[in-house]
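1. Test case, fold it:
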Amino acid sequence: MFGKKYGPIGVDLGSGHLRAVQLAQNGQGLFLHAGGIKTKPDQLKAGTPEWQRWAMESLREIIRENRFKGIKVMTALPSDDLFIDQVRVSRSSSPEAIERAAFAKVQNKLPFKAEEGLLKCVFVEQPEAKGAEIEVVVMGASRLAVEVHLAIYEQAGLEVAGMVPWPLAMVSSYTCFFCRRRNEQDRVSMLMSLGTHHCNIVICRGSALLFARVVPIGFAHLRQTDEMNRLIAELDACTRYFQTMSAVEPIERLLFLAGSGVGRSVCEGVAELAQRLQIAAQVGDVLSAIRVDFAEQKTMIDRRNAKVDWSLAFGLALQGLKTGSKQV
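-> Below you'll find the predicted structure:
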């Protein structure tokens, strides 16, 4: 009999919801072991002490009410707390020199003092590739934001096994659930995840991150037609910037990561953008793509008409399975 391997709990603490999932593996492959969600009260402002208390108490409830294994979690900073910029710098003799040049280029754009922050670079191309310049995605956060986030989990009695930037977690969900065929690994795809107040954009080739950006438009803003038009314009701007990158192939696919119950008007907007780009588009619902362990899961996420996107929570859980898991 095959044993079961449980990964850390993937926790997505977004601006509108708190989502937690735990994935596991057995002889039949990957499955969803446990999951839970809490919706943030409208009157709470993210980052405030009241919000921190709500997040801590909600995490405790989710863990208590569902059959999660262990106390280790993988998490990501909310979109508001993670700085992202894409820069072009001169190619240097070492990755370290490229990183220093990229950090220097974004220093004046940082919403925090450079010495009080944590920065990470993702090379769009390999540093040894040919060409005068190299594209670099720079991500960073203030140490204070990281400490506040970590304190929530500590107060909830959980142990943070790792923090992953949300673009990399989105790519993990994409490659696991929607990029399984070998010929899909080389296709450039644009991913979009629409939250309550943000739209997270990623462009990738298989597991390779090529572009990432946060657009400050979410479901809360889309009641007005002009906001949908503005969102399409922002997405269009992302694709136009990407097209100036000479070292990559054109976008071939647009994947809207969303629940099966997402509104028709949003889907029509995504279809309109895909038509402009002359590429294929589809809705990707991770809840429909994962096998569920009904034998063990007592409280299950409602998969019917769900508007909430779970791709980030699943991506974090997948990252946890990669870094280590517990076998029982």
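
2. now residue 196, nearest residue through space, not along the chain?
-> residue 16 (2.8 Å; C-beta to C-beta, 6 or more residues apart in numbering). Any C-beta I mention is one placed from the backbone N, CA and C, and that applies to glycine too.

3. Hmm, residue 40 and the one you found touching each other?
-> Yes: using C-beta atoms under 8 Å, residue 16 makes contact with residue 40 at a distance of 5.7 Å.

4. These two - which one has more neighbours?
-> Counted by other C-beta atoms under 10 Å, residue 16 and residue 40 do not tie: residue 40 has more neighbours, with 19 against 16.

5. and that one, what does it touch?
-> 15, 16, 17, 18, 46, 51, 54 (C-beta atoms under 8 Å, 6 or more residues apart in numbering).

6. For the third one, list the residues it contacts.
-> What it means is residue 17. With contacts defined as C-beta under 8 Å, 6+ apart, residue 17 is in contact with 37, 38, 39, 40, 196, 308.

7. swap the cut-off to 10 Å and go again
-> Counting by C-beta atoms under 10 Å, 6 or more residues apart in numbering, residue 17 touches 37, 38, 39, 40, 58, 195, 196, 308, 309, 310, 313.

8. Show me which of the residues you listed are buried.
-> With burial judged by 16 or more other C-beta atoms under 10 Å, the buried subset of these is 37, 38, 40, 58, 195, 196, 308, 309, 310, 313.

9. Could you check which helix or strand contains the nearest residue to residue 52 once chain neighbours are set aside?
-> Spatial nearest neighbour of residue 52, excluding adjacent residues (C-beta to C-beta, 6+ apart): residue 152 at 5.7 Å. In this assignment (DSSP states H and E), residue 152 forms part of helix 143-155.

10. who's in contact with that helix?
-> 9, 11, 13, 18, 47, 49, 51-60, 71-73, 75-78, 80-83, 111-113, 115-118, 141-142, 158-160, 163.

11. Model confidence for the residue nearest to residue 52, exactly?
-> Looking at residue 152, its pLDDT reads 96.

12. among the contacts of residue 17, which two are most distant?
-> Spanning the widest gap among the contacts of residue 17 are 58 and 309, at 18.3 Å by C-beta to C-beta.

13. so what sits against both of residue 16 and residue 40?
-> By C-beta under 10 Å, 6+ apart, the residues touching both residue 16 and residue 40 are 46, 196.

14. picking up where we left off before, ok, now how distant is the residue nearest to residue 196 from residue 84?
-> Distance of residue 16 to residue 84, given as C-beta to C-beta, to the nearest Å: 20 Å.

15. thinking again about what came up before, quick check, nearest of the contacts of residue 40 to residue 290?
-> Checking those against residue 290 by C-beta to C-beta gives residue 17 as the nearest, at 18.2 Å.

16. I'd like to know the beta-bridge partner residues of the closest one.
-> For residue 17, the beta-bridge partners under DSSP bridges are residue 39.

17. where exactly do the helices run in the stretch 151-300 of the chain?
-> With DSSP state H, counting those that start in this stretch applied, the stretch 151-300 of the chain shows helices at 166-177, 225-243, 264-277, 286-289, listed in chain order.

18. Take those helices and write them to CSV, including mean pLDDT.
-> As requested, those are exported to CSV (pLDDT from 0 to 100):
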stretch, mean pLDDT
helix 166-177, 95
helix 225-243, 86
helix 264-277, 82
helix 286-289, 86
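
19. most packed of those helices?
-> Among these, judged by mean count of other C-beta atoms under 10 Å, the one packed with the most neighbours on average is helix 166-177 (a mean of 25).

20. Return the alpha-carbon coordinates of that helix using CSV.
-> What follows is helix 166-177, C-alpha atoms only, in CSV (Å, rounded to 0.1, in the frame of the first residue of the first chain):
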residue,chain,number,x,y,z
TRP,A,166,3.0,35.3,-5.8
PRO,A,167,4.2,35.3,-9.5
LEU,A,168,6.2,32.1,-8.9
ALA,A,169,3.2,30.5,-7.1
MET,A,170,0.9,31.4,-10.0
VAL,A,171,3.4,29.8,-12.4
SER,A,172,3.4,26.6,-10.3
SER,A,173,-0.4,26.3,-10.5
TYR,A,174,-0.2,26.9,-14.3
THR,A,175,2.5,24.3,-15.0
CYS,A,176,0.8,21.6,-12.7
PHE,A,177,-2.8,21.9,-13.9
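
21. Could you verify my assumption that residue 314 touches residue 35?
-> Yes: applying C-beta atoms under 10 Å, one finds residue 314 in contact with residue 35, separated by 9.2 Å.

22. Now do the shared contacts for these two.
-> 10, 19, 21, 23, 287, 290.

23. What strand or helix carries the first one?
-> Going back to what we said before, that points to residue 10. Assigned by DSSP H and E, residue 10 belongs to strand 9-13.

24. Parallel or antiparallel, which strands does that strand pair with?
-> strand 17-26 (antiparallel), strand 72-75 (parallel).

25. For residue 220, which of the ones you listed is the nearest?
-> Proximity to residue 220, assessed across these by C-beta to C-beta, is greatest for strand 17-26 (12.1 Å).
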